[in-house]
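Undergrad: structure of the sequence below:
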Amino acid sequence: MKNGGKKTVVITDISQLGEAVKAISIKIPELKAPDLAGVEGDVDALANAMKAAREGVSNALAIKRQTDGLLAKFAGDKDKLKAAKLQVATSLAGIEQFLTDILGHGHTLVKQAAAIAYIQASLSVDFKNEREAHAALYDLENPRGIMAPVKDGPILIGYKRYSLDPKWKFQPEDVADISVAIDQFATRLQKLVKDQRQLDGAILEKRATISFEDMLAGDNGTCVIDVPPEQIRNDQWLGGGKLLVEANSQNVTPVAAVGSIERVVAEMISRRVKVLRHQIDWAFAPASGKSFEKVRYAVACQLRISDDDAEIWVNKMKSLWHMIDRARKEAEVKIRAAAQKEGMRAEATITPAQFFGLNGANGVPQEGLAFLEFMGVFRTNGQQPIYDLFFTCAYSQESDTVKLVGVPDHLQNTELGEMQGREFPADNNYRDIPEPLGRMLRAIRGKADQTAHIEGDGAQEPAEAPAQA
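TA: Residues are numbered from 1 along each chain as shown. Coordinates of the predicted model:
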């Protein structure tokens, strides 16, 4: 079977594995760094060795995946599974030995070719779920040692940074090839994570007996808390996700979590961390400042644990409090934004279509105050995405200008908030208006224009494409 010009070994039955392994047992000569001046034969030998390394690695990983698929057929029968694993053990060991040898080859270029092929083949798989994708990523870290997690590494996958191990001595063109594979993998992994978290989140929601708002109001029961991520530095974030808690008259106790907070919450659960019910209404975290030592001592005595374990317990209790507090503040912002949205909508004297001169207005805007809203996530250049974008703008026919009149509280500390009260020229499709307002108006007009076309009221010339949603 041909795949991109390379010969690929395909097996359909466990009995074929032995022959397949022989097919990839490539004899790569031990090459010394040659003096390439006029020695064409050595160049060919080295190029052939690099090609053999790439094809061998690609075939080896393909056979391993196919074998895993065949073994999975016996998952329901323990005895057959044990027998099947025994049957393929020697052959799989041969594949592993080949990979170890080729990735540890004595010639740098051959070893590099094998490592690049390993990255590309490992990360290009059509993963069924997030677990499989993360397993492939971890394999590149350990045992292969091709990539390593580094705090300020140049490779970003999800919220984690990596760098290529310097021992491989990859050249810039190698890094470019590797980056393509990693970027494509990161995109697929992001989708797998999102899909899995949506599924897990839906399962958590079914376990809730009360809403988060009910819990804050004093009701007892199980509720799901949407914990927002929080930026603490330029490129550092506290994770977000869904947190399931059990609230009674005395305590709020974590039960499960989905998302970036999952591992942290699992540690809380294992240590039986909880926060006192009345403390969730505090304006500051429990055990803050000078009270920390007093609380740590009390926890050590009550739970009969060491001072070190008590310190960990208290810090995790504070983390739980901060998660709940972040969610409460986010909920308060949403409630405030919803009230402001309705108030701004009620103040409007013209519709968005009239403001933009659509729906049969021959491109002439109507004077008045319009409530403008972008439906979706508005992504700004270099800024955080805006999830609830709305404001009011007034148009003046006499001066042909627009004025940003109203900006909701949650956008006051943004570039848009700084433009409130200012007046700008309305011509040239708002291109003379500074960002981000100019692009926001063009994006909202684009969606309003689409609506006008659907309604069949004679929308005008196509507007700029809407911002990415």
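Undergrad: I'd like the distance from stretch 91-107 to the chain centre, please.
TA: 34 Å (Cα atoms, centre = their mean, to the nearest Å).
Undergrad: tell me where the stretch 201-350 of the chain has helices.
TA: Secondary structure of the stretch 201-350 of the chain (DSSP state H, counting those that start in this stretch): helices at 212-216, 262-270, 291-303, 307-347.
Undergrad: and Gln196, which of those helices is closest to it?
TA: When these are compared by Cβ to Cβ, helix 262-270 sits nearest Gln196, at 10.7 Å. To be clear about C-beta, it is placed using only N, CA and C from the backbone, and glycine gets the same treatment.
Undergrad: flag every buried residue along that closest one.
TA: Glu262, Val264, Val265, Met268 (16 or more other Cβ atoms under 10 Å).
Undergrad: one more: stretch 128-136?
TA: Buried, per 16+ other Cβ under 10 Å, within stretch 128-136: Glu130, Ala133, His134, Ala136.
Undergrad: ok, now stretch 287-294?
TA: For stretch 287-294, by 16+ other Cβ under 10 Å, it's Ala287, Phe292.
Undergrad: what of stretch 159-177?
TA: Tyr162, Leu164, Asp165, Trp168, Phe170, Asp174.
Undergrad: just how off-centre is that stretch within its chain?
TA: The answer for stretch 159-177 is 21 Å, by Cα atoms, centre = their mean.
Undergrad: and the contacts of it?
TA: 108, 111-112, 115-116, 120, 141, 145-156, 178, 237, 239, 260 (Cβ atoms under 8 Å, 6 or more residues apart in numbering).
Undergrad: now, among the buried residues of helix 262-270, which is nearest to Glu418?
TA: Val264 (35.8 Å).
Undergrad: look up how far Arg197 lies from the nearest residue to the closest one once chain neighbours are set aside.
TA: Leaving aside its sequence neighbours, Val264 sits nearest to Ser319 (Cβ to Cβ, 6 or more residues apart in numbering; 6.5 Å). Distance from Ser319 to Arg197, counting by Cβ to Cβ, to the nearest Å: 20 Å.
Undergrad: ok, now how distant is the closest residue to Ile386 other than its chain neighbours from Pro436?
TA: Nearest residue to Ile386 in three dimensions, chain neighbours excluded: Phe378, at 4.5 Å (Cβ to Cβ, 6+ apart). Per Cβ to Cβ, Phe378 is found 8 Å from Pro436.
Undergrad: how about the nearest residue to Glu205, chain neighbours excluded?
TA: Leaving out its chain neighbours, the residue that sits closest to Glu205 by Cβ to Cβ, 6+ apart is Val224, at 5.5 Å.
Undergrad: wait, that neighbour sits on Thr209?
TA: No. Contact criterion Cβ atoms under 8 Å: Val224 and Thr209 do not qualify, at 10.2 Å.
Undergrad: more crowded one of these two?
TA: Each of Val224 and Thr209 has its neighbours counted (other Cβ atoms under 10 Å); Val224 has more, 24 against 12.
Undergrad: list the contacts of the more buried one.
TA: By Cβ under 8 Å, 6+ apart, the contact list for Val224 reads Gly201, Leu204, Glu205, Arg207, Ala208, Phe212, Lys242, Leu243, Leu244.
Undergrad: how many residues are close by the residue nearest to Ile386?
TA: 22.
Undergrad: what of Val299?
TA: Val299: 21 neighbours (other Cβ under 10 Å).
Undergrad: my guess is it contacts Asn315, does it?
TA: No. Here Val299 does not reach Asn315: they are 10.7 Å apart, not a contact under Cβ under 8 Å.
Undergrad: still on that earlier bit, relative to Asp214, how far out is the residue nearest to Glu205?
TA: Val224 is 11 Å from Asp214, by Cβ to Cβ.
Undergrad: go on, Ala117?
TA: Taking Cβ to Cβ, one finds Ala117 at 56 Å from Asp214.
Undergrad: again, but for Pro408
TA: 26 Å.
Undergrad: the residue nearest to Val264 contacts Arg271, doesn't it?
TA: No. Using Cβ under 8 Å, Ser319 is not in contact with Arg271; the gap is 11.3 Å.
Undergrad: so where is this protein shaky, pLDDT-wise?
TA: 1-41, 233-236, 359-362, 380-383, 450-469 (pLDDT under 70).
Undergrad: again, only using 50
TA: The chain contains residues with pLDDT under 50 at 1-6, 25-40, 454, 456-469.
Undergrad: and Pro154, how many neighbours?
TA: As a burial measure, Pro154 scores 11 neighbours (other Cβ under 10 Å).
Undergrad: how about it, nearest residue that isn't a chain neighbour?
TA: In space, Pro154 is closest to Ser163, 6.0 Å off (Cβ to Cβ, 6+ apart).
Undergrad: give me the three-state assignment for that neighbour.
TA: The three-state label given to Ser163 by DSSP: H, G, I helix; E, B strand; the rest coil is strand.
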